[in-house]
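S.K.: The following block contains a protein sequence and its predicted model.
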Amino acid sequence: MESGGEKLFELGARLSACADFVRRGRIPADIGTDHAYLPIWLVQTGRVPAAFASDINEEPIRSAIKNIESHGLSEKIKTFTDDGLDSIPPHEVDDIIIAGMGGDNISAILSGGEWLKNRRYRLILQPMSRASRLREYLFTNGFDIIGEKAICEAGRLYTVICAEYRGAAVVHDDSYIYSGRLDCSDPNAAALLKKQAEILLSMAEGCAAKDDYSGQAHYIRLAEQLIESIQGGISNDKGKGSI
Ligand SMILES: C[S@@+](CC[C@H](N)C(=O)[O-])C[C@H]1O[C@@H](n2cnc3c(N)ncnc32)[C@H](O)[C@@H]1O
């Protein structure tokens, strides 16, 4: 399990869920890598032969390089200090991981990579906020969600979205934007969707305060749909693809 450097560490639940979506034997690029824990873990366990790790800021990349060196993986994990996908060689990567950033920042990074609109690539995205806007960005730009998992780490709930390009804008209703492919029989997914339903209800209140009663009805309907799927333990995994 080791490559001559430090012992293998355990990934937390959040990064572990990201790692589970990375395809074995493929080459991942971890954008916004910070400490580089994920690429180190992926290479050191042998799940992937090599990886790219990039970050927009100098300080995180310094820490990434230090950790990569201490695990003896400098030959296998190439680092860049750059914005988003800049510097990532499209012909050398397969899986793009963007974790631990806001959903809008993730969408902005993806929009800088027209080359990602190709079935070769897999996107593994873990938004810290605005997951619904990220899903909407994906559907509008021809990506569909092929898997999604909710996890709880240190008392906070997160979702990890796995998406691939489908070639045309993905037809979607609003409930797909808010529920993604979360499976409500999973307690973490149910808790995350309950939180989402509460947000929708407060958006409905905001509409009512502005006398926007059709907006209010719209958000109440969406919240009710989420609550129904939680109560029914329904999987939102609509069989749109396979991992
Ligand atoms: C909170 S850390 C997440 C680290 C790691 N991915 C994780 O999930 O544990 C976010 C990192 O993203 C980097 N970042 C933010 N915007 C970026 C961008 N446009 N391109 C590359 N890196 C970015 C930040 O410098 C920071 O190191």
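M.R.: Thanks, I have it.

S.K.: ok, then the element right after the longest helix seen in the chain?
M.R.: Selection of the longest helix in the chain by residue count, based on DSSP state H, yields helix 187-209. Per DSSP states H and E, the first helix or strand lying C-terminal to helix 187-209 is helix 213-231.

S.K.: Outside of that following helix itself, which residues are in contact with it?
M.R.: Identification of contacts with helix 213-231 by CB atoms under 8 Å, 6 or more residues apart in numbering yields 174-175, 178-179, 184, 190, 193-194, 196-198, 200-201, 203-205, 207-208, 234, 236. Backbone N, C-alpha and C define where each C-beta goes, glycine included.

S.K.: quick one on the thing from earlier: which strands and helices sit next to the longest helix of the chain?
M.R.: strand 143-153, strand 156-165, helix 174-179, helix 213-231 (3 or more CB pairs under 8 Å, 6 or more residues apart in numbering; DSSP states H and E).

S.K.: Restrict it to CA atoms and write it as CSV.
M.R.: C-alpha atoms of helix 187-209 as CSV (Å, rounded to 0.1, in the frame of the first residue of the first chain):
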residue,chain,number,x,y,z
PRO,A,187,-30.5,8.7,6.0
ASN,A,188,-27.8,11.3,4.9
ALA,A,189,-29.6,12.0,1.6
ALA,A,190,-33.0,12.3,3.4
ALA,A,191,-31.5,14.7,5.9
LEU,A,192,-29.9,16.8,3.1
LEU,A,193,-33.1,16.9,1.1
LYS,A,194,-35.1,17.9,4.3
LYS,A,195,-32.7,20.8,4.6
GLN,A,196,-33.3,21.7,1.0
ALA,A,197,-37.0,21.5,1.5
GLU,A,198,-36.7,24.0,4.4
ILE,A,199,-34.7,26.3,2.1
LEU,A,200,-37.4,26.1,-0.5
LEU,A,201,-40.1,26.9,2.1
SER,A,202,-38.2,30.0,3.1
MET,A,203,-37.9,31.0,-0.6
ALA,A,204,-41.7,30.6,-0.8
GLU,A,205,-42.0,32.9,2.2
GLY,A,206,-39.7,35.4,0.5
CYS,A,207,-42.0,35.3,-2.6
ALA,A,208,-45.1,35.8,-0.5
ALA,A,209,-43.5,38.8,1.2
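
S.K.: Great, nothing more from me.
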